[in-house]
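Asks: Sequence unavailable; structure follows:
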């Protein structure tokens, strides 16, 4: 019996993507070229990276249905995805991309059967762990986005923007304090 399957994974991914979209909307377009340090992606590049990197998991688990990654050409797939980060896009285009790609990723996650999620994928020799379930691997779509969203929240702070999740938490704390005083 499972308590967390494809539908729950898709729903939690949607929450993560909605938070990313909030950040993308709150950062002014004039700041999309901001990079927190030399060698780091710009805000725009990070958002495009978030939008498209889920396609790697789609390639592995759906398109090619790979069960042994020993011969999977990561560099070819990743190279194409990283090239998309270099394409100049407007804020509106990036938000549209995040929305469209997010809907596709959510559908992929929601559409995976329990049997598919339970399948084992073997990693190349020398990698630890040597195997993972497809569930663990596709969960990385959400985990990857949360990692980069944290970077965007730091960029927001550097740009003088208080992140929306921080504002929401402060509002809840203020309400709790007001209720406690009453």
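Replies: Noted; the coordinates are in hand. The shown structure was predicted, so the numbers you read here are calculated from the model rather than taken from an experiment.
Asks: neighbours of residue 7, just the number please.
Replies: A count of nearby residues for residue 7, using other C-beta atoms under 10 Å, gives 12. To be clear about C-beta, it is placed using only N, CA and C from the backbone, and glycine gets the same treatment.
Asks: thought it was touching residue 110?
Replies: Yes: between residue 7 and residue 110 there is a contact under C-beta atoms under 8 Å: 5.8 Å.
Asks: so who does the closest residue in space to residue 46 that isn't next to it in sequence touch?
Replies: Nearest residue to residue 46 in three dimensions, chain neighbours excluded: residue 148, at 5.5 Å (C-beta to C-beta, 6 or more residues apart in numbering). Applying C-beta atoms under 8 Å, 6 or more residues apart in numbering, one finds that residue 148 lies in contact with 46, 49-50.
Asks: got the contact list for the residue minimising distance to the centre of the chain?
Replies: The chain has residue 145 as the residue nearest its centroid, 2.2 Å off, counting by C-alpha atoms, centre = their mean. Contacts for residue 145 (C-beta under 8 Å, 6+ apart) come out as 13, 16-17, 20, 50, 54.
Asks: After the one helix or strand it maps to, which helix or strand is next?
Replies: Assigned by DSSP states H and E, residue 145 falls within helix 134-158. Using DSSP H and E, the helix or strand that follows helix 134-158 in sequence is helix 164-181.
Asks: What helices and strands are in contact with that next one?
Replies: Contacts defined by 3 or more C-beta pairs under 8 Å, 6 or more residues apart in numbering; DSSP states H and E place helix 164-181 against helix 6-26.
Asks: if you set the cut-off to 10 Å instead, what comes out?
Replies: helix 6-26, helix 134-158 (3 or more C-beta pairs under 10 Å, 6 or more residues apart in numbering; DSSP states H and E).
Asks: how about the last one: buried residues?
Replies: Taking 16 or more other C-beta atoms under 10 Å as the neighbour-count basis, helix 134-158 is seen to contain the buried residues 134-135, 137-139, 141-142, 144-145, 148-149, 151-153, 155-156.
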